[in-house]
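> turn this into a structure:
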Amino acid sequence: MVSFVIPAYNEEAFLGRTLAALNDAAGAAGEPFEVVVVDDASTDRTAVVAREFGARVVSVNRRQIAATRNAGVREALGEMLVFVDADTAVTAGAVRGAIGAMRAGAVGGGCRFRFDGRLPLYGRVMEAVASPLYRALGLASGCFLFCTREAFRSVGGFDEGLFGAEEAAMSRALRRRGRFVILRESVTTSGRKLRAHSAGEVLGLLARLALSGSRSLRRREGLELWYGERRTDPESAF
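Here you go, the predicted model:
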């Protein structure tokens, strides 16, 4: 069985489309599957939407992405795990590619990604750079990462000491365990943060992280892009 694990915090507006795309893609892959939505202290209808689309809901109160992902795995039943963000539309090709890679012996991997909707200039530059850079570095993005349960267990899951970049740490840990692949297929994730935040805010944060290293990822403070009050997307494109 394939278990799709979706961490979600106040994702009522995006989750329905994510789950509809996922159900279609997973159904087309022809494998038994389940969808586990980990509702991390949401105050909106996230859990209701998840159940409407047939997902199993796990409730936690962590507000920490790595811990939320791990909580989903503890409740999941599948031997193949696929982590999908709550604002990401997957394709049948990406799902089939992930399953095929794991059946062929890969411990895990990711795929290409693009942002939805119209992006500001700096967002278009980041889109042009980010996906090829992840691929060149052999890293999966957080919006689509897959691995076998055996490999997940062997690396101890996502590092719960990290409040960001947990997918990069997981990618590196899995690569030390075996073959880690980045698929040519792509998924579409929301560009809302790039639309709602200025270039100075986003690029400034990335520069601070680059200068301070992983220490700054081990506390929530300073990571408001992910943990701060969510801003309204100027374009409801997703």
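
> residue nearest the centroid of the protein?
residue 143 (2.7 Å; CA atoms, centre = their mean).

> show the contacting residues for that one.
84-85, 87-88, 113, 187, 189 (CB atoms under 8 Å, 6 or more residues apart in numbering). C-betas here are computed from N, CA, C, even on glycine.

> with these in mind, which one is nearest to residue 149?
Of all the contacts of residue 143, residue 149 sits closest to residue 84, with 16.3 Å by CB to CB.

> can you pull the buried residues of the least confident helix or strand in the chain by mean pLDDT?
Here the helix or strand of the chain ranked lowest by mean pLDDT, DSSP states H and E is helix 224-227, holding a mean of 73. By neighbour count on 16 or more other CB atoms under 10 Å, the buried set for helix 224-227 is 225-227.

> before we move on, what about stretch 137-155?
139-149, 151-152, 154-155.

> just flag the most distant two among those residues.
The widest separation within those (CB to CB) is 23.5 Å, between 143 and 154.

> can I get the longest strand anywhere in the chain in CSV? Just the C-alpha atoms.
Longest strand in the chain by number of residues (criterion: DSSP state E): strand 180-189. Output of strand 180-189 as CSV, limited to C-alpha atoms (Å, rounded to 0.1, in the frame of the first residue of the first chain):
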residue,chain,number,x,y,z
PHE,A,180,17.8,8.5,-4.1
VAL,A,181,16.2,9.8,-7.3
ILE,A,182,14.8,13.1,-8.5
LEU,A,183,12.1,12.3,-11.1
ARG,A,184,11.6,14.2,-14.3
GLU,A,185,7.9,14.5,-13.6
SER,A,186,6.7,17.6,-11.8
VAL,A,187,4.1,18.8,-9.4
THR,A,188,2.5,22.2,-9.0
THR,A,189,2.7,23.9,-5.6
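
> so what touches the helix or strand hosting residue 206?
Using DSSP states H and E, residue 206 sits within helix 199-212. With contact meaning CB under 8 Å, 6+ apart, helix 199-212 is reached by 120-122, 126, 164-165, 193-194, 216-217, 222-223, 225.

> perfect, that will be all.
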